[in-house]
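S.K.: Output the structure for:
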Amino acid sequence: MLTISQLLTRSDAHAMTLHSLPASTPETGSFGIGLAARGARVRVVGLTGAHPALAKRLEGMGIHAGSELEIMQREGGTLVVRVGNMRVALGAGMTHKILVTVPS
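M.R.: Predicted coordinates:
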């Protein structure tokens with residue numbers, strides 16, 4: 001199992017500075033999914049702020065609090081993640097709002 005520091009790469013740290021995303025939220029140990037490295041397995045804990053339309057869209061893709069995802073591909077700010085046996089593309093706007101943690 002990877003630690004949060006192992007999930008972050010140098011390019012992710014740079015992206016964190018550019019987009020002002022917290023690397024970790026002390027209360028929950030969560031971080032933005034956009035910071036997870038390729039191959040990492042993460043669990044969704046919620047969204048930053050109130051985004052009911054995004055929450056509904058993600059739910060339609062099978063992504064909700066408690067979902068376990070695997071980062072399959074990274075291209076710029078976009079991600080392709082595995083949700084169960086499906087592959088789902090997440091745009092940069094979505095990735096900045098999804099908070100995840102390392103499953104225990």
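
S.K.: could you pull out the strands for the chain?
M.R.: For the chain, the strands defined by DSSP state E occupy 31-32, 41-47, 68-75, 78-83, 86-90, 98-101.

S.K.: Dump the ones you listed into TSV; add mean neighbour count and distance to L58 as well.
M.R.: For glycine as for every other residue, the C-beta is placed from the backbone atoms N, C-alpha and C. Shown next, in TSV, are the strands of the chain (neighbours: other Cβ atoms under 10 Å; distance: least, Cβ to Cβ, whole Å):
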stretch	mean neighbour count	distance to L58
strand 31-32	23	14
strand 41-47	18	8
strand 68-75	16	11
strand 78-83	19	10
strand 86-90	15	9
strand 98-101	22	7
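
S.K.: can you put those strands in JSON lines and add distance to G60?
M.R.: Below are the strands of the chain laid out as JSON lines (distance: least, Cβ to Cβ, whole Å):
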{"stretch": "strand 31-32", "distance to G60": "21"}
{"stretch": "strand 41-47", "distance to G60": "14"}
{"stretch": "strand 68-75", "distance to G60": "15"}
{"stretch": "strand 78-83", "distance to G60": "11"}
{"stretch": "strand 86-90", "distance to G60": "10"}
{"stretch": "strand 98-101", "distance to G60": "14"}
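
S.K.: Output the below-cut-off pLDDT ranges for the protein.
M.R.: In the predicted model, the chain carries pLDDT under 70 at residues 1-28.

S.K.: who's in contact with the residue most central in space within it?
M.R.: For the chain, I33 is the residue whose C-alpha lies nearest the centre (Cα atoms, centre = their mean; 1.6 Å). Applying Cβ atoms under 8 Å, 6 or more residues apart in numbering to I33 gives the contacts 42, 44, 69, 71, 79, 81, 90, 95, 98-100.
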